[in-house]
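1. Next one to model:
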Amino acid sequence: MSHSVTGVRHRLLLLRWLAGFLLLCFLATGAAEAASKVKVTEAGFTLSDDVYRLDASLDIQLPPKARRAIADGLTLRLDYEVEISRVRRFMIDDGVASLEQSYEINFHALSQRYLLRNLNTGEQEDYGTLDLALERLARVEQLPVFDAALLEPHRPYDVRLRAVLDMSAVPDALQWMLFWADDWSAESEWYVWSLQL
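-> Sure thing, here's the model as predicted:
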């Protein structure tokens, strides 16, 4: 009799462990689906008028809750961070130049438009949908990065680019939302390429 009770207890314990494991898997999957993602898919320089200009593309993915939060007043900020360094054989690479290009997307309730603003220049564009604003944000074309005179000829250089997505800026009236909201901020891996003059 005690042997069968022990067997039942072991089965119940195993079932509880299995249920707990499945719950953790479900929660982990839900957390992964609730996360924002940003990835640099392509980047390179062109030289024009003695200035190196950046062309880059991103893949930006926002979960539905983050999209709703933007429509409710949360600001999406994206920084493009560019670094160039001279490659040296026996010493640490020498930093030559760095640049941060910043953008914000806000929803303007009165006009029902998504405003995309370049924080470096103050230029602003508006879009009818968040997807259109994100599509534009994910493309950089001919962005002046640095003067060609900064680089020495016949030297190898490494260039690194990453994108940092910050979704923590919110108007004072909506500060309470950050307490309850998930953190939808994200950053890409560094995208690295070589530049040989």
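
2. Please make it C-alpha for all contacts and neighbour counts, starting now.
-> Will do.

3. Could you point out which residue ranges in this structure have low pLDDT?
-> Counting by pLDDT under 70, the ranges of the chain that qualify are 1-34, 88-95, 169-182, 197.

4. For it, which segments are assigned as helices?
-> Assigned by DSSP state H, the helices in the chain fall at 2-33, 64-71, 130-137, 175-180.

5. what are the ranges of the strands in the protein?
-> Using DSSP state E, the strands of the chain run over 37-48, 51-61, 75-86, 94-108, 113-118, 124-127, 139-147, 156-169, 186-187, 191-196.

6. Could you save those strands as JSON lines and add columns showing mean neighbour count and distance to Arg67?
-> Formatted as JSON lines, these follow (neighbours: other CA atoms under 10 Å; distance: least, CA to CA, whole Å):
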{"stretch": "strand 37-48", "mean neighbour count": "17", "distance to Arg67": "13"}
{"stretch": "strand 51-61", "mean neighbour count": "18", "distance to Arg67": "10"}
{"stretch": "strand 75-86", "mean neighbour count": "20", "distance to Arg67": "10"}
{"stretch": "strand 94-108", "mean neighbour count": "18", "distance to Arg67": "10"}
{"stretch": "strand 113-118", "mean neighbour count": "20", "distance to Arg67": "12"}
{"stretch": "strand 124-127", "mean neighbour count": "16", "distance to Arg67": "15"}
{"stretch": "strand 139-147", "mean neighbour count": "16", "distance to Arg67": "19"}
{"stretch": "strand 156-169", "mean neighbour count": "20", "distance to Arg67": "11"}
{"stretch": "strand 186-187", "mean neighbour count": "18", "distance to Arg67": "14"}
{"stretch": "strand 191-196", "mean neighbour count": "15", "distance to Arg67": "26"}
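
7. Arg68: which of these is closest?
-> Closest to Arg68 of the strands of the chain, according to CA to CA: strand 94-108, at 10.4 Å.

8. returning to what we had before: in JSON lines: the strands of the chain, plus distance to Ala133.
-> Formatted as JSON lines, the strands of the chain follow (distance: least, CA to CA, whole Å):
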{"stretch": "strand 37-48", "distance to Ala133": "15"}
{"stretch": "strand 51-61", "distance to Ala133": "11"}
{"stretch": "strand 75-86", "distance to Ala133": "11"}
{"stretch": "strand 94-108", "distance to Ala133": "7"}
{"stretch": "strand 113-118", "distance to Ala133": "6"}
{"stretch": "strand 124-127", "distance to Ala133": "6"}
{"stretch": "strand 139-147", "distance to Ala133": "10"}
{"stretch": "strand 156-169", "distance to Ala133": "14"}
{"stretch": "strand 186-187", "distance to Ala133": "18"}
{"stretch": "strand 191-196", "distance to Ala133": "23"}
